[in-house]
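Asker: Mind folding the following:
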Amino acid sequence: MRTHPIKLSAIASRIDGRVQGPDLEVMGLSPLDAPEEGTLTLCFRARDGGRLVETTARAALVPPSLENLGIPLIVHPRPRRALRPLLFLFDALAREYRENAEETRKPVLGEHVLLGAQVVLEDNVVIGDRTRIGAGACVERGVTIGRNCRIGPRVVLHRGSTVGDDVRIGAGCVIGAEGFGFEWDGRSHRALPQLGGVVIENDVYIGANSTVARATIGNTVISEGTRLDCQVHIGHNVSIGPHCLLAAQVGVAGSARLGTRVLLGGQVGVGDHARVGDDVRAAAQTGIRGRIESGMRVAGTPQMPLETWRRLSVLLPRLPRQARRLRHLLDRMNAGNAPSDRQPE
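Answerer: Have a look, this model is predicted:
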């Protein structure tokens, strides 16, 4: 997401912040996990200051405790509260940039590209060699699709989406729709602009009727070699590592991170901001939240080690009978130890 250049002082005046250091120009927003050159990087928590120093951020929005980092800053007493006006500001700038600064070009098609009936290609679309797009698909402005891809019928690729080589996207998928971002304003839930995009790397498979939401800022990323079954939902700002396997009806909530070679069974739910390490395997219908260390096998809701869940699943059907026996035993004990008139000394 690029915009016209805007000075830090102009941004600070819109969010009641103050500039610390040179009053530079920036051309967009970027998250702390993936700072982009020439943008304002968002750092909401003091404990993330070390991570910010390690990046190549041009400028950053920070809380007062980080005002001496040695880079240009906008200091705000509650930077997370500043996110909403920032999103609306940069959304307006991005729209103006697209309308006035971007050159409008006809779609560019590589060799041996096949388009089905009633395919819609908007301006500035680029499609690589030997890619096939099924009937009724819609590819919005500025989308790039690599070589040897198979895009199924009725697929929608929204603006800001980038598709690598050798990608398969099944019928009815929606890639890059707005993420589920809302904020309560005291009367209703107001939608927040979703400024980011989606990056689908090489050799990814996405089953029919799956959805991948674009990021609020930055990108939602599905890494190389990953396979998504049908009816999988990937929320905004999610990052899925290489060679993961997600079965049908898996849902991954916003800003979750999956490592390499993660296997999720059917109907697994991954909570927002969860962190799943490499080589983790989750049984069907597991509810994941928090952090899972690499190599673990988990099941249940919330997740627990697989062996613990197996033992519990054996015990659970027995609990009603054991509870009745316990109540009967307690009744007999109480009957045999009825209180006497003599009070204990």
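Asker: Could you list the buried residues of the helix or strand of the chain at the bottom of the mean pLDDT ranking?
Answerer: The least trusted helix or strand in the chain, going by mean pLDDT, DSSP states H and E, turns out to be helix 49-54, with a mean of 78. Neighbour counts using 16 or more other CB atoms under 10 Å place Gly49, Leu52 of helix 49-54 among the buried residues. Where you see a C-beta, it was placed from the backbone N, CA and C, and this is true even at glycine.
Asker: got a list of what His158 touches?
Answerer: Glu140, Val143, Val174, Ile175, Gly176, Ala177, Val198, Arg214 (CB atoms under 8 Å, 6 or more residues apart in numbering).
Asker: Show residues contacting the next helix or strand after the least confident helix or strand of the chain.
Answerer: Next in sequence after helix 49-54, counting helices and strands by DSSP states H and E, comes strand 59-62. Contacts to strand 59-62, defined as CB under 8 Å, 6+ apart, come from residues 8, 17, 21, 24, 26, 39-44, 49, 52, 69, 71-76, 79, 82, 86.
Asker: just checking, which of these belong to strands?
Answerer: Val26, Leu40, Thr41, Leu42, Leu73, Ile74, Val75 (DSSP state E).
Asker: In TSV, list the residues you listed along with neighbour count, pLDDT and distance to Leu306.
Answerer: Shown next, in TSV, are these (neighbours: other CB atoms under 10 Å; pLDDT from 0 to 100; distance: CB to CB, whole Å):
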residue	neighbour count	pLDDT	distance to Leu306
Val26	25	91	47
Leu40	26	91	43
Thr41	25	90	39
Leu42	25	90	37
Leu73	26	92	46
Ile74	25	93	46
Val75	19	93	47
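Asker: nearest to Arg275, of the residues you listed?
Answerer: When the ones in strands among the contacts of strand 59-62 are compared for distance to Arg275 (CB to CB), Leu42 wins out at 18.8 Å.
Asker: got a list of what that closest one touches?
Answerer: Applying CB under 8 Å, 6+ apart, the residues near Leu42 are Leu29, Ser30, Pro31, Leu32, Ala60, Leu61, Pro79, Leu83, Leu86, Ile217.
Asker: picking that back up, C-alpha coordinates for the least confident helix or strand of the chain, PDB please?
Answerer: Taking C-alpha atoms only, helix 49-54 is exported to PDB below (Å, rounded to 0.1, in the frame of the first residue of the first chain):
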ATOM      1  CA  GLY A  49      11.400  -1.300  21.400                       C
ATOM      2  CA  GLY A  50      14.300  -3.700  21.000                       C
ATOM      3  CA  ARG A  51      12.600  -5.300  17.900                       C
ATOM      4  CA  LEU A  52      12.100  -1.800  16.500                       C
ATOM      5  CA  VAL A  53      15.800  -0.900  16.800                       C
ATOM      6  CA  GLU A  54      16.700  -4.100  14.900                       C
END
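Asker: for it, packing partners?
Answerer: Helices and strands touching helix 49-54, by 3 or more CB pairs under 8 Å, 6 or more residues apart in numbering; DSSP states H and E, are strand 59-62.
Asker: buried stuff in the strand it packs on?
Answerer: Those would be Ala59, Ala60, Leu61, Val62, for strand 59-62 by 16+ other CB under 10 Å.
Asker: gap between it and the chain center?
Answerer: Put simply, strand 59-62 sits 22 Å off its chain's centre (CA atoms, centre = their mean, to the nearest Å).
Asker: That strand - what's its average pLDDT?
Answerer: Strand 59-62 shows a mean pLDDT of 90.
Asker: Give the partner strands of that strand in its sheet and their orientations.
Answerer: strand 40-42 (parallel), strand 73-75 (parallel) (DSSP bridges).
Asker: so can I have a markdown table of these showing distance to Met296?
Answerer: Formatted as a markdown table, the strands paired with strand 59-62 follow (distance: least, CB to CB, whole Å):
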| stretch | distance to Met296 |
| --- | --- |
| strand 40-42 | 31 |
| strand 73-75 | 39 |
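Asker: List just the one of those that sits closest to Thr308.
Answerer: strand 40-42 (38.3 Å).
Asker: Roughly how far does Gly287 sit from Val262?
Answerer: As for Gly287, its distance to Val262 is 15 Å (criterion: CB to CB, to the nearest Å).
Asker: coming back round to it: between the strands paired with strand 59-62, which one is nearest to Thr131?
Answerer: The nearest among the strands paired with strand 59-62, by CB to CB, is strand 40-42 at 34.5 Å.
Asker: Okay, helices next: where are they in the stretch 201-345 of the chain?
Answerer: Counting by DSSP state H, counting those that start in this stretch, the stretch 201-345 of the chain has helices at residues 306-315, 319-336.
Asker: For stretch 45-58, give me every contacting residue.
Answerer: Outside stretch 45-58, the residues that reach it (CB under 8 Å, 6+ apart) are 24, 26, 30, 32, 35, 37-41, 43, 60, 62-63, 65-66, 69-72.
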